[in-house]
Structure formats: C-alpha cells, structure tokens
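>>> sequence and computational prediction follow.
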Amino acid sequence: MSHYQRIACLSTEAVETLYALGAEDVIAGISGFTVRPPRAREEKTRISGFSSTNLERILAVEPDLVIGFCDMQADICRDLVKAGIEVHQFNQRTVDGILRMIGVLAALVRREEAGKLLIASLRADIAAARARAAAWTRKPVMYFEEWNDPLMSGIGWAAELIEIAGGTDAFPELSVQPGAKERIIADSHDVLVRAPDIILASWCGKKFQPAQLAARPGWDAIPAVKNQMLFEIKSPDILSPGPAAITEGLRQISDIISAWQEQQA
C-alpha cells in the first residue's frame, strides 16, 4: 500500500505518469488540461487549471499530497502549504529531468519497479531516435514556436528532443531560459536570419495556422516556408514534460526530420 492515498495533481504529466505506473487508484484530483490517458477525464475529479486555480476545489478532494509543476504554480502551492497540505513541486526542464520526475513519483507511490521499467522504455525510445538520426549526414535547423503573439521559442526539453532526433535548435540561447518571457523573440526578422529548414509549432493549446505564419513579412524567404516544411505538434504531445514528450513528441519530430531528409535527397 502506498504511503500517499489521495494525491491531487495540478499538472497533466503527473496524472499521465501515475497511470503509467499503475498507481491511478491514489489520484484524488486532476488538472483540467489532462488528456492522457483519456479515461482519466472520466474517472477523476477536475480540480484545477494550470496557472490559475481555486484552493477550495483542491482541498475538497482531501489530498494527503499535492503534485505541482514550475514557478507558475508557486503561489497556489504556497497557499496549500499554509493550509497544512504536503506539496511536492516539480520543476523539470530537460529530458533527464523528465526521467528523474518519473523515478521520484514512482518512489512516492511505492511503484519503484514500475518506474524503472517506464524509464527504461523511454530510454529505449531515445536511443532509437538517436540511432535513426545517426544515419543522416545533414542536420536541419529547426525553429520551434511555442506561441505566436509575441513570438516565443521552444522550452528546454523541446529543444533537446530536436537535437536527439537529429536536428539543430535555431535558438539555443533561448531554450535554456526557464521562463516564458525570457524566450520571447522581439523581432520576427531574427527567425528569418536563422533560416530554419523546418518550423515546428505548438501554440499552447491553440490551433496552429500555417498560412498565418507564412504570411509574416519576409518569411517567404525562409527555407521551411519555401519548402512547406511547417508542422504542428499538439501541445499535450510536447509541452507537458512527462512520458508523452518522448513517446509522442520525439517520435513526431523524428518522423518530420525523416520527411525533410527524403525531400533533400
């Protein structure tokens, strides 16, 4: 039996991971943004948004542990601590951080063996993507757009997945920044200068509009636009730092690079 019996998850990757570990029985509440696994939305009480939430809704499920993520949930987690609730605040920003998060969650619910198996499976996915990339002689420059107004480059693990899959991140100096504001591209001409071969977009849950992107002043000169190498990766598949970023996001990036390689041949 787990030490924790009623865990409230304020982020989607915690829900996904606990289900993957076979520990869904300890989940007392989930983020409203949860999509994986689909049955979680039917089985579990939705208690929060992401950066905004209601303390009473969380307390109503009587959690013995709340799992939070990043600075955007710092205030609600502080209030929960003041209310006497135990909180574990994750802040993973890298692929290694994702694997470490899984190991920690597995330990918290006494599913260590399941955690080791899940981590091993994800490491195998990463190794397979690296092996596929090793066969390619050229690395495409890739611009990952996390938001369109203002323009925002991709977060750390997204840039890292691009590198694993055989690409080169167009804005490596921005991807290392943890905060969204620090990843804003003030001048869209900067993207033009980087001349990405592929553009990936994941507009934080908003549908990607490739025609809108292609119509930006001067962007018709960008190789990715000229060659119609514009792709959407759905936010749940790449922007939540959990297993899906590797099982779904990395796989899609690898397939996109493969298509680009064929186009170049």
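Cool, got the structure. Numbers count the residues shown, from 1 in each chain.
>>> so what's the residue count around Ala74?
Ala74 has 13 neighbours, counted by other Cβ atoms under 10 Å. Where you see a C-beta, it was placed from the backbone N, CA and C, and this is true even at glycine.
>>> which parts of the helix or strand hosting it are buried?
Assigned by DSSP states H and E, Ala74 falls within helix 74-82. Of the residues in helix 74-82, those buried by neighbour count under the rule 16 or more other Cβ atoms under 10 Å are 76-77, 80.
>>> also stretch 125-134?
125-126, 129, 132-133.
>>> which of the buried residues of helix 74-82 sits closest to Gly167?
For Gly167, the nearest member of the buried residues of helix 74-82 is Cys77. The distance, counting by Cβ to Cβ, is 34.8 Å.
>>> so what's that closest one up against?
10, 66, 68, 87, 89 (Cβ atoms under 8 Å, 6 or more residues apart in numbering).
>>> phi, psi for the fourth one please.
Reported as degrees, to the nearest 10, the phi and psi values for Val87 are phi -130, psi 140.
>>> give me the beta-bridge partners of it?
According to DSSP bridges, Val66 are recorded as the beta-bridge partners of Val87.
>>> identify, by residue count, the longest helix of this structure.
The helix of greatest length in the chain, counted in residues with DSSP state H as the criterion, is given as helix 112-134.
>>> just checking, Pro236 touches Ala245?
No - taking Cβ atoms under 8 Å as the contact criterion, Pro236 and Ala245 are not neighbours in contact, 9.5 Å apart.
>>> neighbour count winner among those two?
Ala245 (25 against 21).
>>> using the three-state scheme, assign that one.
Secondary structure of Ala245, reduced to three states by DSSP: H, G, I helix; E, B strand; the rest coil: helix.
>>> wait, doesn't it sit right on Gly97?
No - between Ala245 and Gly97 there is no contact, the gap being 10.6 Å when judged by Cβ under 8 Å.
>>> and the helices in the protein?
Using DSSP H, helices in the chain cover 12-20, 40-43, 55-59, 74-82, 95-108, 112-134, 156-164, 172-175, 189-194, 210-214, 223-226, 235-238, 243-244, 251-264.
>>> out of those, which is closest to Phe33?
Evaluated over the helices of the chain, closeness to Phe33 peaks at helix 12-20, with 5.2 Å, by Cβ to Cβ.
>>> what angle separates the closest one from helix 95-108?
Direction vectors for helix 12-20 and helix 95-108, defined by axes from the mean of the first three to the mean of the last three Cα atoms, to 10 degrees, enclose an angle of 50 degrees.
>>> which stretches of the protein have low pLDDT?
In the prediction, the chain carries residues with pLDDT under 70 at positions 1-2, 50-52.
>>> longest strand in it, please.
Longest strand in the chain, counting residues (DSSP state E): strand 141-148.
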